[in-house]
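>>> Generate a structure from the sequence data that follows.
(one chain, ligands or ions: 1)
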Amino acid sequence: MTQTARLLIVGPQGSGKGTQGARIAEALGIPTISTGDVFRANISQGTELGQQVKAIVEAGNLVPDELTSALVRDRVAQEDAAGGFLLDGYPRNTAQVAHLDEILAEQGASLDAVIELSVPRAESIARLALRATEQGRADDTEEAIAHRLGIYERETAPILSIYGERGIVDTIDGVGSLDEISARIADALAVRGITLAVPR
Ligand code: AMP
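Down below sits the predicted model:
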């Protein structure tokens, strides 16, 4: 079933937002827009964008806002995003929130819900260390992980206050089985009139 829903999933690296985001997007029939995935694909394909952002991404720093927002502007204008999308990893700071507001206003749209996956720092670190061994991501070194979590706490967490004032944040306990967490998200979205069937 396809529903119009413009969603954002936010959480520290290692919170499981990629996995849960994919489940929600699939259940709703909307595309996931992950800026991290776009950057990684461009880096591995050696495109011009990839060469531009490689060092930044590998150091765990943020790609410049203008570049990232331009990419999202193009992506949300594509046909498959007309009926909604799930953003993962963007916006990542308050400047990007302002950019996204502009991008969506041009479409006469706005975000319907922001899902915050809440996971204790120690749990995120443990999950990231595991992912580093399993997937060998170049930006999953111990030092880069700590650096990115610091950026999340300083730059990304404040976006939740902005969206919180708009009354669109659902804070979800991100500790539990995959199905338990998906069910919590589905229950929170149902309250907003967005219904999705997820494995329970
Ligand atoms: P992620 O997969 O979301 O953890 O993103 C991986 C990396 O891509 C980040 O550590 C940043 O270097 C870059 N990146 C992803 N999304 C953004 C964004 N919204 N703004 C700036 N840099 C980003």
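
>>> residues touching residue 87, list them.
7-9, 33-34, 72, 100 (Cβ atoms under 8 Å, 6 or more residues apart in numbering). (Glycine included, C-beta is placed from N, CA and C.)

>>> and what of residue 4?
Contacts of residue 4 by Cβ under 8 Å, 6+ apart are 83-84.

>>> May I see the buried residues of whichever helix or strand residue 38 is part of?
Residue 38 is part of helix 35-45, with elements assigned from DSSP states H and E. Neighbour-count burial for helix 35-45, counted by 16 or more other Cβ atoms under 10 Å, picks out 35-36, 38-40, 42-43.

>>> Need the pLDDT of the most centrally placed residue in the chain.
With distances taken as Cα atoms, centre = their mean, the residue of the chain nearest its centroid is residue 88 (1.8 Å). Residue 88 is assigned 97 on the pLDDT scale.

>>> Now do the contacts for it.
Residue 88 makes contact with 8-9, 17-18, 21, 32-37, according to Cβ under 8 Å, 6+ apart.

>>> Any chance of TSV for the residues you listed, columns distance to the ligand?
Below are these laid out as TSV (distance: Cβ to the nearest ligand atom, whole Å):
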residue	distance to the ligand
8	11
9	10
17	8
18	7
21	10
32	11
33	10
34	6
35	3
36	2
37	7
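
>>> Please spell out the ChimeraX selection for the buried subset of the residues you listed.
The following ChimeraX line selects those of the contacts of residue 88 that are buried, judged by 16+ other Cβ under 10 Å:
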select :8,9,17,18,21,32,33,34,35,36
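
>>> just curious, which of the contacts of residue 88 is nearest to residue 167?
Lowest distance from residue 167 to the contacts of residue 88 (Cβ to Cβ) belongs to residue 8, with 14.1 Å.

>>> So the closest one is in contact with residue 117, correct?
No: taking contacts as Cβ atoms under 8 Å, residue 8 lies outside contact range of residue 117: 11.2 Å.

>>> contacts for the very next helix or strand once past the helix holding residue 38?
Following helix 35-45 in sequence order, the next helix or strand is helix 48-58 (DSSP H and E). The contact list for helix 48-58 (Cβ under 8 Å, 6+ apart) reads 36, 39-44, 62-63, 67, 71, 138-139, 144.
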